[in-house]
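[1] okay, structure incoming, though there's no sequence with it:
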């Protein structure tokens, strides 16, 4: 039980800015860390749902909801996944050989393509949020944050890594892979069922889109980088969340 509690603490401390007590980062304490990665999605989803209801109750307007809603996930996570999104966008748009792309991922400097990609990401994300105005849609949005982190966790225990060092390798190699896979698959199945129960059409499209982005992530990472890295995992998570926000916003207006 102590290892499970420590795994929970490490997961929240690593992937969010939520204050947590200190615990040793060793293989024993990190065995089940990835099982708790979706918990951060629950926190973000709950905050956005609550913010949406506040905007509805007091008439703050869609722009206010969208702009604050775009920033809320960044506040909770500290931008860790967007950092990977920017680095990966830079590497992909360099059109260099694999070794050079991997070097770009490690480069602390920010390239022009990273800035362009981030600006486009925020504009599209906010645009999607401006179209979300129903309670059911807010519930779909909340669940989407759990799905993106669940699939990201599954990739760490299923996909090939590009390197034999780094933080991603540390988490992946320390994980009790069979337990993590079972837990995350069950959570993912539960999320997909909830999506379809809330909105059969939009929920089904979101589930399919999430799996499509995950499949793209697998083949792209293998071809471009020789496997996944922490930055590429952040790129996937960001794309998955953007896809779901846009789907909810666009489909929600016509269905």
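    Cool, got the structure. Remember, predicted model here, so these are calculated numbers, not experimental data.

[2] CA atoms for contacts and neighbours, from now on please.
    OK.

[3] ok, residue 15 - how many residues close by?
    Residue 15 sits with 19 neighbouring residues when counted by other Cα atoms under 10 Å.

[4] surely it and residue 80 touch.
    Yes. Residue 15 is in contact with residue 80 according to Cα atoms under 8 Å; the separation is 7.1 Å.

[5] point out where the stretch 1-150 of the chain drops to low pLDDT.
    Low-confidence segments of the stretch 1-150 of the chain, defined by pLDDT under 70, are absent.

[6] could you pull out the helices for the stretch 151-255 of the chain?
    For the stretch 151-255 of the chain, helices defined by DSSP state H, counting those that start in this stretch occupy the ranges 167-174, 177-198, 200-225, 230-254.

[7] tilt between the second one and helix 200-225?
    Pointing back at helix 177-198 there. 140 degrees (axes from the mean of the first three to the mean of the last three Cα atoms, to 10 degrees).

[8] and helix 177-198, what does it pack against?
    helix 135-158, helix 200-225 (3 or more Cα pairs under 8 Å, 6 or more residues apart in numbering; DSSP states H and E).

[9] could you dump these to TSV with mean neighbour count and distance to residue 254?
    Shown next, in TSV, are the helices and strands packed on helix 177-198 (neighbours: other Cα atoms under 10 Å; distance: least, Cα to Cα, whole Å):
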stretch	mean neighbour count	distance to residue 254
helix 135-158	23	13
helix 200-225	18	11
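
[10] out of the ones you listed, flag the one nearest residue 183.
    helix 135-158 (9.4 Å; Cα to Cα).

[11] returning to that earlier point: between the helices of the stretch 151-255 of the chain, which one is nearest to residue 118?
    helix 230-254 (10.2 Å).

[12] elements contacting that closest one?
    Counting by 3+ Cα pairs under 8 Å, 6+ apart, helix 230-254 packs on helix 80-92, helix 112-130, helix 135-158, helix 200-225.

[13] tell me the contacts of the nearest residue to residue 126 once chain neighbours are set aside?
    Leaving aside its sequence neighbours, residue 126 sits nearest to residue 66 (Cα to Cα, 6 or more residues apart in numbering; 5.1 Å). Under the criterion of Cα atoms under 8 Å, 6 or more residues apart in numbering, the contact list for residue 66 reads 126-130.

[14] number of nearby residues for residue 64?
    Around residue 64 there are 17 residues (other Cα under 10 Å).

[15] that one and residue 214: what is the separation?
    According to Cα to Cα, to the nearest Å, residue 64 and residue 214 sit 31 Å apart.

[16] with residue 114 instead?
    21 Å.

[17] kindly report the same for residue 97.
    In terms of Cα to Cα, residue 97 sits 23 Å off from residue 214.

[18] what does residue 142 give?
    19 Å.

[19] repeat for residue 202
    18 Å.

[20] same deal with residue 2?
    For residue 2, the distance to residue 214 - Cα to Cα - is 32 Å.

[21] cool, and residue 151?
    From residue 151 to residue 214 the distance is 7 Å (Cα to Cα).

[22] now stretch 185-202: mean pLDDT?
    In this model, stretch 185-202 has an average pLDDT of 98.

[23] which parts of that stretch are buried?
    185, 187-188, 191-192, 194-196, 199, 202 (16 or more other Cα atoms under 10 Å).

[24] any chance of CSV for those residues, columns distance to residue 102?
    Converted to CSV, the buried residues of stretch 185-202 look like this (distance: Cα to Cα, whole Å):
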residue, distance to residue 102
185, 30
187, 32
188, 30
191, 33
192, 34
194, 38
195, 36
196, 39
199, 41
202, 37
